[in-house]
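Participant: below is the sequence, then the predicted model.
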Amino acid sequence: MKIEFNSEREFDIIAIGRACIDLNAVEYNRPMEETMTFKKYVGGSPANIAIGTSKLGLKAGFIGKLADDQHGRFIKQYMAGVGVDTSNMVTDQKGHKTGLAFTEIKSPEECSILMYRDEVADLYLDPSEVSEDYIKRSKILLVSGTALAKSPSREAILKAVQLAKKNDVKVIFELDYRGYTWASKEETSVYYTMVAQQADVVVGTRDEFDVMENIEAGSNEATISALFNHSPELVVIKHGVEGSYAYTKSGETFRGHAYLTKVLKTFGAGDSYASAFLYALITGKDIETALKYGSASAAIVVSKHSSSEAMPTVEEIEQLIADRSKEAVTNQ
Ligand SMILES: Nc1ncnc2c1ncn2[C@@H]1O[C@H](COP(=O)(O)OP(=O)(O)OP(=O)(O)O)[C@@H](O)[C@H]1O
Ligand SMILES: O=C(O)C[C@@H](O)[C@H](O)C(=O)CO
């Protein structure tokens, strides 16, 4: 099965949600209490995906709200510099701040994020700032689950999804669950289910689907049989280093294997995976190949320091896939 996109569109992908700052520990393999220096990058899952897809040569745009401060201006400048269209990134006029994510790298397996997200500008995106004329110029609308956490951003997202569906724009829902932005798991489950049922493609980790279903230790089979009663044509469920599964409404299942690598930190895996997976789908590759692109892109990013700047090129992804398939043949 291949997902059909409207080929007439100027943009391949428009992402909506947060564009923030990551401050990644420069001295790693230690707790944050002992970390004295942090390096600044653009962060936030949908911003990372816009940057990742733009670096892969797609035409990407972004809808979001930035703080009227040095961080907000840095984010806009950086995203424009890597080719993302920032014309629909609006500036907050009410003193809201840029979200900050301090990352702790205790070991390659033990990473965490300390978030400063009170009164952040991105969650103040207003529905009136979401333009139908902009959304209808794209093949894909990429929606980040975190943007549903609070009003008015929640309504802005729901409006964007409605506009996408009205205008033949495929809705990709990246669950992107960040617990601290939500009042409760019950609330998350309501909004996640609402958007997932309307989306064309839903991507998340097994844990994130459990949050959506408000259960513990759910099964992929139950998840897909519930979602395939609604709009989704494709559901991707990620299991960290164990790899990922893609399920189609027509009944196919594909397994993606992680490419083992020297891991520096684990965050950024999901966003780099989504960027390359979507790149492959948009450029007409089959789902099996798209899973390889996603896994290879994630393997590259987890071996590097950032989530955004480390996003690979198509050549790097294809080189890794080719090298590993040669190794697999040699090892047989
Ligand atoms: N340690 C690892 N080494 C190599 N590849 C990995 C590793 N961890 C994850 N990946 C790859 O990245 C994909 C997505 O990872 P994961 O399921 O952890 O997503 P995520 O939780 O959304 O990521 P993030 O930590 O960025 O939120 C996996 O399917 C796998 O291909
Ligand atoms: O906002 C966040 O969730 C942190 C991200 O910016 C960070 O880059 C990351 O965790 C990527 O998945």
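Facilitator: Arrived safely. Ligands and ions are numbered 1, 2, ... in the order given.

Participant: separation between Ser144 and Val161?
Facilitator: With the distance defined as CB to CB, to the nearest Å, Ser144 ends up 12 Å from Val161. Where C-beta positions appear, they are placed from N, C-alpha and C, glycine not excepted.

Participant: give me the more crowded residue out of the two.
Facilitator: Summary of the neighbour comparison: Ser144 and Val161, criterion other CB atoms under 10 Å, with Ser144 having more neighbours (30 against 23).

Participant: the closest residue to that one other than its chain neighbours and Ala47: what is the separation?
Facilitator: In space, Ser144 comes closest to Gly17 once its chain neighbours are excluded; the distance is 3.5 Å by CB to CB, 6 or more residues apart in numbering. Spatial separation of Gly17 from Ala47 under the definition CB to CB is 8 Å.

Participant: could you verify that Glu104 is part of a strand?
Facilitator: Yes: with DSSP: H, G, I helix; E, B strand; the rest coil as the criterion, Glu104 is located in a strand.

Participant: find residues that contact each of Gly17 and Ala47.
Facilitator: In terms of CB atoms under 8 Å, 6 or more residues apart in numbering, Gly17 and Ala47 are both contacted by the residues Gly64.

Participant: which bits of the stretch 151-300 of the chain sit near ligand 1?
Facilitator: 205, 238, 240-241, 243-244, 258-259, 261, 263, 266-271, 273, 295, 298-299 (CB under 6 Å from any ligand atom).

Participant: now those residues: which count as buried?
Facilitator: Taking 16 or more other CB atoms under 10 Å as the criterion, what is buried in those is 205, 238, 241, 244, 258-259, 261, 263, 266-271, 273, 295, 298-299.

Participant: let's see which of those residues end up in helices.
Facilitator: Among these, the residues falling in helices (DSSP state H) are 269-271, 273, 295, 298-299.

Participant: which of the residues you listed come close to ligand 2?
Facilitator: Restricting those to those within reach of ligand 2 (CB under 6 Å from any ligand atom) leaves 270-271.
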